[in-house]
Structure formats: structure tokens, C-alpha cells
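> Got a predicted structure plus its sequence, pasted below:
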Amino acid sequence: MGRLRHKRMHKNHLKTKKTFRTKRRTKDVDQVHEDLQAENVKELIHFKADGDLPGLGQFYCIHCARHFVDDVALQGHLKSSIHKRRVRQLKDEPYTQAEADAAGGLGQYVKKGQVTVPSMEELHAVRQGQGKSMVLDGGDDAAIAAAAAAGQQQQQP
């Protein structure tokens with residue numbers, strides 16, 4: 001009996017390659033920009049308890065589109081380089097059809113601007129008085145809409 005091969009076992013196995021490639025696929029940057037719109041932020045912050053999600057769906061990072069088990073894990077994620085990198089990506093203005101046409105020679109290129117992205121602290125500021133519970137009352141909708149509107153404003157170049 002010879003040695004067993006331990007590496008490169010899935011080299012030509014296409015199903016396994018695709019599984020590894022899409023295992024932890026999250027939302028793209030343009031989809032997260034849509035989530036940061038005022039009407040969508042309200043839906044994402046008002047999560048109902050869902051047994052299929054980690055932490056019953058109560059600890060969610062809107063920027064990275066990830067659920068966490070508890071508040072400690074969420075706070076640790078907010079300090080991580082992965083979250084900071086994603087927020088940096090979100091500060092760039094999302095691509096539009098006009099920009100794609102300009103790249104194809106059907107228009108004039110206009111320099112992209114920067115978008116102000118609200119932080120998780122701004123989005124969850126209304127939760128501070130409620131302890132660890134992530135479920136909000138209906139009276140905090142104005143504060144959530146104001147935080148989301150701050151994310152929609154663009155800085156002039």
C-alpha cells in the first residue's frame with residue numbers, strides 16, 4: 001500500500017469548485033446601496049425573530065449583509081478589517097447604465113463622486129435605550145429615516 005494523496009483532490013471536479021466559489025456569497029455592493037435607501041433600512045432594522053438565521057436574525061450588519069449570533073460577535077465584526085473594507089467600497093458611487101455606455105464609447109465619462117455611508121452606530125442609535133434587544137418600536141421610524149437619508153446624500157467633488 002502506497003502513500004495517500006492529500007492535496008488537489010478536487011482539481012477537475014466542477015461541482016465541488018462551484019460549491020467552494022459560492023459557499024459564502026453575500027450581496028454585491030450595488031445591492032447593499034439599495035438596502036441603504038430609507039424605505040429599505042426600516043425593513044432591515046425591524047427584523048422579526050427567525051429560527052433559521054444566526055441569533056434569530058436580530059444581529060445584522062447592513063453593510064456586509066451578514067447575520068451574527070450575538071451582539072459581541074457583531075461588535076467584533078464592526079471593528080474588523082473586513083467590515084472597514086466593505087464600508088470603503090460602499091463610499092464609491094454605484095455603477096449606472098450611463099457609465100457603462102460611456103465606457104463603451106456611447107457618451108462622455110463623468111468622474112464618479114463619493115457617497116456618504118451611515119455607520120452602524122448611526123443606524124442603530126435608536127436601539128441604545130433598549131439594551132440588547134434589536135427589535136424596535138414603531139415610534140423610531142423618523143430617526144431611522146434620518147440616518148438612512150444621511151447615507152443617500154452625495155458629496156460634491
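Now that the structure is in, tell me what you want to look at.

> those strands in this protein, which residues are they?
For the chain, the strands defined by DSSP state E cover 59-61, 66-68, 114-115, 154-155.

> Give me the mean pLDDT for the third one.
Looking back up the chat, that one is strand 114-115. Averaging pLDDT along strand 114-115 yields 80.

> Dump the strands of the chain to JSON lines, plus distance to residue 53 and mean neighbour count.
Yep, even glycine has a C-beta here, placed from its N, CA and C like the rest. Listed next are the strands of the chain as JSON lines, based on distance: least, CB to CB, whole Å; neighbours: other CB atoms under 10 Å:
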{"stretch": "strand 59-61", "distance to residue 53": "8", "mean neighbour count": "20"}
{"stretch": "strand 66-68", "distance to residue 53": "5", "mean neighbour count": "20"}
{"stretch": "strand 114-115", "distance to residue 53": "28", "mean neighbour count": "14"}
{"stretch": "strand 154-155", "distance to residue 53": "33", "mean neighbour count": "10"}
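
> May I see the ones you listed organised as TSV, with distance to residue 83 added?
Converted to TSV, the strands of the chain look like this (distance: least, CB to CB, whole Å):
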stretch	distance to residue 83
strand 59-61	7
strand 66-68	9
strand 114-115	17
strand 154-155	22
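
> for those strands, which one sits closest to residue 86?
Closest to residue 86 of the strands of the chain is strand 59-61 (CB to CB; 8.5 Å).

> so how far is that closest one off the chain centroid?
9 Å (CA atoms, centre = their mean, to the nearest Å).

> Stretch 83-103 - what's its average pLDDT?
Averaging pLDDT along stretch 83-103 yields 87.

> Can you pull out the residues in contact with that stretch?
Residues outside stretch 83-103 that contact it (CB atoms under 8 Å, 6 or more residues apart in numbering): 29-30, 32-33, 36, 61, 63-64, 77, 107-110, 112-117, 119, 154.

> and these, which are buried?
Among these, those classed as buried by 16 or more other CB atoms under 10 Å are 32-33, 36, 61, 63-64, 77, 115, 117.

> Where does pLDDT dip in the protein?
1-2, 4-11, 124-157 (pLDDT under 70).

> Go again with 50.
126-140, 154-157 (pLDDT under 50).

> Which stretches in this structure count as helices?
For the chain, the helices defined by DSSP state H cover 14-21, 29-35, 38-45, 71-78, 81-90, 97-103, 120-123, 141-152.

> Just put those helices in a markdown table and tack on distance to residue 57.
Shown next, in a markdown table, are the helices of the chain (distance: least, CB to CB, whole Å):
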| stretch | distance to residue 57 |
| --- | --- |
| helix 14-21 | 25 |
| helix 29-35 | 15 |
| helix 38-45 | 10 |
| helix 71-78 | 12 |
| helix 81-90 | 19 |
| helix 97-103 | 34 |
| helix 120-123 | 16 |
| helix 141-152 | 17 |
